[in-house]
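**Q** Okay, here's the prediction I keep looking at, along with the sequence it came from:
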Amino acid sequence: MEPLLRLRATVAGLAKGRLDLSQRAVAKSSDEFGELATDLNHFLDRIGHLVEDLNGVLGQVGAVNERLTQVSARMGEQLNTLQARAQSAIRRAYEIRHSKLVGQTRDAVTQLDELGETLMDLARDIQADTHYQGEIRVLEERMRAVSESGKQLLGRLTVGSENTDEPEAQ
């Protein structure tokens, strides 16, 4: 009865949620209880490997999520800056259009030239910031790869014994 009681204590601990995967059932005998203890130990090994894999996937998801947050914040800052610059340029154009520059053509031309330069700078900045869109696409692809890894891990958890070293009992 002692091998059965030890096996029962190991299983009872797992059933109560004590997921100490280092705990193993003692398998001293070669009878049914010894075989059951050996099978339980293999099962605990497999669960341990899956937990390690899952921790790796979660680490990747966390890293990608952190980077996406950084890129998103940077894009928000850039958009706010570009919006302020565009509003300033529009305001200057409105002021030039509505000013009483009779006889002051040279001033108007100079102001329009400055406005044109500002708008060109704004266009260049917008073009330069398009690399963030590419970076987001790369991060999205990485997230898809992590998701696929998660699906494979879930498949390993639910499929059964296709990754075990021992043949299934007939």
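**A** Sure, I can see it. Residues are numbered from 1 along each chain as shown.
**Q** Now Ala89: closest residue in space, sequence neighbours ignored.
**A** In space, and not counting its chain neighbours, Ala89 is closest to Thr118: 4.8 Å by C-beta to C-beta, 6 or more residues apart in numbering. Just so you know, the C-beta spots here come from the backbone N, C-alpha and C atoms, and that holds for glycine as well.
**Q** and the one you found, what element?
**A** Counting by DSSP states H and E, the element that carries Thr118 is helix 105-128.
**Q** Packing partners of that helix?
**A** Taking 3 or more C-beta pairs under 8 Å, 6 or more residues apart in numbering; DSSP states H and E as the contact definition, the neighbouring helices and strands of helix 105-128 are helix 32-98.
**Q** now the helix it packs on and helix 105-128, what's the angle there?
**A** Note on geometry: by axes from the mean of the first three to the mean of the last three C-alpha atoms, to 10 degrees, helix 32-98 and helix 105-128 are set 170 degrees apart in direction.
**Q** Give the rounded mean pLDDT of helix 32-98.
**A** Computed over helix 32-98, the mean pLDDT rounds to 82.
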